[in-house]
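Chemist: Structure, please.
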Amino acid sequence: MFPLNMQPEALVEELSNFNKKIVSGMKTMSEVGDISEGVSARTKVYTDDKLTLYHYSPLKKDVHRVPVLIVYALVNRPYMADIQEDRSLVRGLLNEGVDVYLIDWGYPDASDRYLDLDDYINGYIDRCVDHICETHDLYRINLLGICQGGSFSTCYAALHPEKVRNLVLTVTPIDFKTPDNTLSSWAQDMDVDLMVDTMGNIPGDLLNFTFLSMNPYRLTSQKYLDMVELLDNGTKLRNFLRMEKWIFDSPDQAGEAFRQFIKGFFQGNKLINGGLMIGDKEVDLKNITMPILNVYATKDHLVPPSASKALDGKTSSEDYSEVAFKGGHIGIFVSGRALAEVPPAIGGWLKERG
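Modeler: I've put the predicted structure just below:
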C-alpha cells in the first residue's frame, strides 16, 4: 500500500490548488468558442434522404487513381475519423495521397423507423459507390469500413464484389460471439423485438449509456477529474471538449435496422456462420475475392481482436493482411501513435495494389 498524506495542512493545500484551477479554468472555458465537427476541408457531393456523401480536398498533387469510401458505424458520428488536425485518420490518408470520400448517415427520425439493413447496404452504400464510380469513370472503388461500418462493408463486398477493388477493415467485428466480447454477452438475452415494437427507433442516449457502462469509472468519473489539469490550456481543453461532443453526439437508430443487426449479427452470429440475409440475398463471405487489409486494436474493449481476426480464412481472397495496433477502439483513430502508424499502413497497402 502507498501511504496517503492525510495531514490537514496537505489536504487544505490540495483543495486550495484544485479550487484555483477551477476558478482560472472558467476564463479558459469562456474563450474556447464553438467546437468543430471535423477539421479537414470537404465538399458535399451527393445526398440521399438523411445521408450526405463528402469528398475531401486532396493534400497531395498526385493522388491514388482509385478513391476510398469510408463507411462509418450508425452509432455516433463519423467526424471521429477527422477529430483534430494532429489526430485524424482522414488527414493521414490524405497525406498518403489517398482520395477520400466519407458517408455521413445523419440523424434518423420517426420517418426512418422502418429502414432496414437492405436499405443501408444495398441502398445507400450502393448508390454512393455508383456515384463515385461515375464521377471517376471506374467500375470498382476501395472500401474502408470502421467498426459496424466495417461489418456493413464486409456484407457489401460479399454482395457486390464486382464493385470493390480493395477492402480495408478497421476495428471490425466479424465473429460476434467470441468469449471475450462483453458487448455480445450483454446482447444475447436482449428482447430486441420488445424494444423496437415499443420505442420504434432506439434512442442514441440509451446506446451511449450502454457503451459508457462497459468502463464506467474511466469514462464517467476519472476523465473529468483529469480534465482539471487541462483547464489552463485552451488547446488541450478544446480537444477534450471536442471528444466529449463526439461521445455524446449519438444519433437514434432506425428501429428495423437495429432489430436485424442485433438478431442477425449478435444473437445469430450469422455473418461468420452463414445464413445472414440482406434483402433477398444471403451474405456469403466466400464471395469476397478482392485483397483485404484487416486492422484491429490489441486493447479494444468493444471489438476484441479475436472478433476481427476471425475473418482470416473465411473469404476467397488470396491477398489477406492484418495490422495489429497497440491501442484501444478509439485510440486507433485519435492517438499520436495511430496517426504515425495506421494511415501509412493503409496508404502503402493501397498503393501497392494500384
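Chemist: What are the neighbouring residues in contact with the closest residue to Val171 other than its chain neighbours?
Modeler: Closest residue in space to Val171, ignoring its immediate chain neighbours: Val303 at 4.9 Å, by CB to CB, 6 or more residues apart in numbering. Placement of C-beta: from N, CA and C, glycine included. Contacts for Val303 (CB atoms under 8 Å, 6 or more residues apart in numbering) come out as 147, 171-173, 181, 296-297, 329.
Chemist: list the helices and strands the helix or strand hosting Leu339 packs on?
Modeler: Using DSSP states H and E, Leu339 maps to helix 336-352. Contacting helix 336-352 under the criterion 3 or more CB pairs under 8 Å, 6 or more residues apart in numbering; DSSP states H and E are the following elements: helix 89-95, strand 164-170, strand 292-297, strand 320-325, helix 331-334.
Chemist: quick one: contacts of that helix?
Modeler: For helix 336-352, contacts defined as CB under 8 Å, 6+ apart pick out 64, 66, 68, 86-89, 91-93, 95-98, 142, 144, 166, 168, 170, 293, 295, 321, 323, 325-327, 331-333.
Chemist: what do you get if the cut-off is 7 Å, keeping everything else the same?
Modeler: With contact meaning CB atoms under 7 Å, 6 or more residues apart in numbering, helix 336-352 is reached by 64, 86-87, 89, 92-93, 95-98, 142, 166, 168, 293, 295, 321, 323, 325, 327, 331-332.
Chemist: List the buried residues of that helix.
Modeler: Neighbour-count burial for helix 336-352, counted by 16 or more other CB atoms under 10 Å, picks out 338-339, 341-343, 345-347, 349-350.
Chemist: and what of stretch 41-48?
Modeler: By 16+ other CB under 10 Å, the buried positions in stretch 41-48 come out as 42, 46.
Chemist: Could you give the separation of that stretch from the chain centroid?
Modeler: 19 Å (CA atoms, centre = their mean, to the nearest Å).
Chemist: same deal with stretch 64-76?
Modeler: When C-alpha coordinates are averaged (CA atoms, centre = their mean), stretch 64-76 and its chain have centres 10 Å apart.
Chemist: average pLDDT across stretch 77-89?
Modeler: Per-region confidence: stretch 77-89 scores 89 on mean pLDDT.
Chemist: Other residues contacting it?
Modeler: Under the criterion CB under 7 Å, 6+ apart, residues 37-40, 70, 72, 90-91, 102, 104, 146, 239, 242-243, 246, 249, 333-334, 339, 342-343 lie in contact with stretch 77-89.
Chemist: In terms of helices and strands, where is the nearest residue to Ile125 once chain neighbours are set aside?
Modeler: Spatial nearest neighbour of Ile125, chain neighbours left out: Tyr156 (5.3 Å); criterion: CB to CB, 6+ apart. Take DSSP H and E as the rule and Tyr156 turns out to sit in helix 148-159.
Chemist: For that helix, list the C-alpha coordinates in PDB.
Modeler: Output of helix 148-159 as PDB, limited to C-alpha atoms (Å, rounded to 0.1, in the frame of the first residue of the first chain):
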ATOM      1  CA  GLN A 148     -20.100  -1.600 -37.500                       C
ATOM      2  CA  GLY A 149     -19.400   0.200 -40.800                       C
ATOM      3  CA  GLY A 150     -16.800  -2.400 -41.400                       C
ATOM      4  CA  SER A 151     -19.400  -5.200 -40.900                       C
ATOM      5  CA  PHE A 152     -21.600  -3.400 -43.400                       C
ATOM      6  CA  SER A 153     -18.600  -3.000 -45.800                       C
ATOM      7  CA  THR A 154     -17.900  -6.800 -45.500                       C
ATOM      8  CA  CYS A 155     -21.500  -7.500 -46.300                       C
ATOM      9  CA  TYR A 156     -21.400  -5.100 -49.300                       C
ATOM     10  CA  ALA A 157     -18.200  -6.700 -50.600                       C
ATOM     11  CA  ALA A 158     -19.800 -10.100 -50.400                       C
ATOM     12  CA  LEU A 159     -23.000  -8.900 -52.200                       C
END
